[in-house]
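In: Predicted model follows, preceded by the sequence.
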Amino acid sequence: QVQLVESGGGSVQAGGSLRLLCVASGSTPNMDYWGWFRRAPGKGRGVVATIDTYGTPSYVASVKGRFTISRDIGKNTLDLQMNTLNPEDTATYYCAAREKRRATFDYWGQGTQVTVSS
């Protein structure tokens, strides 16, 4: 079991930046993938960025070059640095973790709202 708590959301104007933080607790050594997902108004939840146990990141095309995912194993935190935000990035952002040998992300935070105005 892993517990995830996000923070850092807020409102920003287009072109601005925000940094999201996820603090994990529990059986974190049993996880091999960590990720940030988002759900925009009226849309389903989709992946934004993931990072594996070796620190290898992966990004959805729409955020490449603007967002950076990172993990501090010692602090059990997962960050998402978001730069050059645009209104299409408005969504609720969720931190998630996937247990080793599982195919899906099973642990989720409660979400943090990001609103970008034009």
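Out: Received the coordinates, thanks. Residues are numbered from 1 along each chain as shown.

In: List of residues touching the strand or helix carrying Val47?
Out: Assigned by DSSP states H and E, Val47 belongs to strand 45-52. Strand 45-52 has contacts (Cβ atoms under 8 Å, 6 or more residues apart in numbering) with 32-39, 57-60, 63, 67-71, 78, 80, 93-94. C-beta here means a position set from N, CA and C on the backbone, and glycine is covered the same way.

In: Could I have the buried ones of those as PyMOL selection syntax?
Out: In PyMOL syntax, the buried subset of the contacts of strand 45-52 is picked out as below (16 or more other Cβ atoms under 10 Å):
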select buried, resi 33+34+35+36+37+38+59+63+67+69+71+78+80+93+94
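
In: Can you flag which of the contacts of strand 45-52 belong to strands?
Out: 32-39, 57-59, 67-71, 78, 80, 93-94 (DSSP state E).

In: Which residue lies closest in space to Ala40, excluding its sequence neighbours?
Out: Ala91 (4.2 Å; Cβ to Cβ, 6 or more residues apart in numbering).

In: Tell me the backbone dihedrals of Thr28, please.
Out: phi -60, psi -30 (degrees, to the nearest 10).

In: burial count for Thr56?
Out: 9 (other Cβ atoms under 10 Å).

In: so who does Thr90 touch?
Out: Taking Cβ under 8 Å, 6+ apart as the test, what Thr90 contacts is Ala40, Pro41, Val114, Thr115, Val116.

In: Which of the residues you listed ranks first by neighbour count?
Out: Val114 (22 neighbours).

In: ok, now how distant is Leu45 from Leu4?
Out: To be clear, residue 45 is Arg; Leu isn't right here. 15 Å (Cβ to Cβ, to the nearest Å).
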